[in-house]
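Visitor: missing the sequence, but the structure's below:
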């Protein structure tokens, strides 16, 4: 296996990681921003006020995007297995 092929696999793995984690992180950041604005406006600085909505948002995003996430992971694993077969 050449260095360029290894770099291609690493690049594909990083892209899959960003595809999977991106929507979850973005939704969590948006909810955190909204909660922070509300906390600043009401002067309520309780940690659980920010934690619970983020937790529910992450769970909802994972439930909604679960099939897509599994498809992305399945495509990547098929790519890896095809690559392993072509090594022989």
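Guide: Happy to help now that I have it. Because the structure is predicted, anything quoted here is derived from the model rather than measured.

Visitor: now do the buried residues in whichever strand or helix holds residue 68.
Guide: Here residue 68 is covered by helix 47-86, with elements defined by DSSP states H and E. Buried residues in helix 47-86, counted by 16 or more other C-beta atoms under 10 Å: 50, 53-54, 57, 61, 69, 72, 76. For the C-beta atoms, the positions are set from N, CA and C on the backbone; glycine is no exception.

Visitor: mind putting those in a markdown table, distance to residue 32 and pLDDT included?
Guide: Formatted as a markdown table, those follow (distance: C-beta to C-beta, whole Å; pLDDT from 0 to 100):
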| residue | distance to residue 32 | pLDDT |
| --- | --- | --- |
| 50 | 6 | 84 |
| 53 | 8 | 91 |
| 54 | 6 | 93 |
| 57 | 9 | 95 |
| 61 | 13 | 96 |
| 69 | 21 | 96 |
| 72 | 25 | 96 |
| 76 | 29 | 97 |
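
Visitor: distance of the most centrally placed residue in the chain from residue 28?
Guide: For the chain, residue 21 is the residue whose C-alpha lies nearest the centre (C-alpha atoms, centre = their mean; 1.0 Å). Taking C-beta to C-beta, to the nearest Å as the criterion, residue 21 is separated from residue 28 by 10 Å.

Visitor: ditto for residue 19
Guide: Taking C-beta to C-beta, one finds residue 19 at 16 Å from residue 28.

Visitor: show me what the host helix or strand of residue 7 is packed against.
Guide: Residue 7 is part of helix 3-42, with elements assigned from DSSP H and E. In terms of contacts (3 or more C-beta pairs under 8 Å, 6 or more residues apart in numbering; DSSP states H and E), helix 3-42 is packed against helix 47-86.

Visitor: what angle sits between the helix it packs on and helix 3-42?
Guide: 170 degrees (axes from the mean of the first three to the mean of the last three C-alpha atoms, to 10 degrees).
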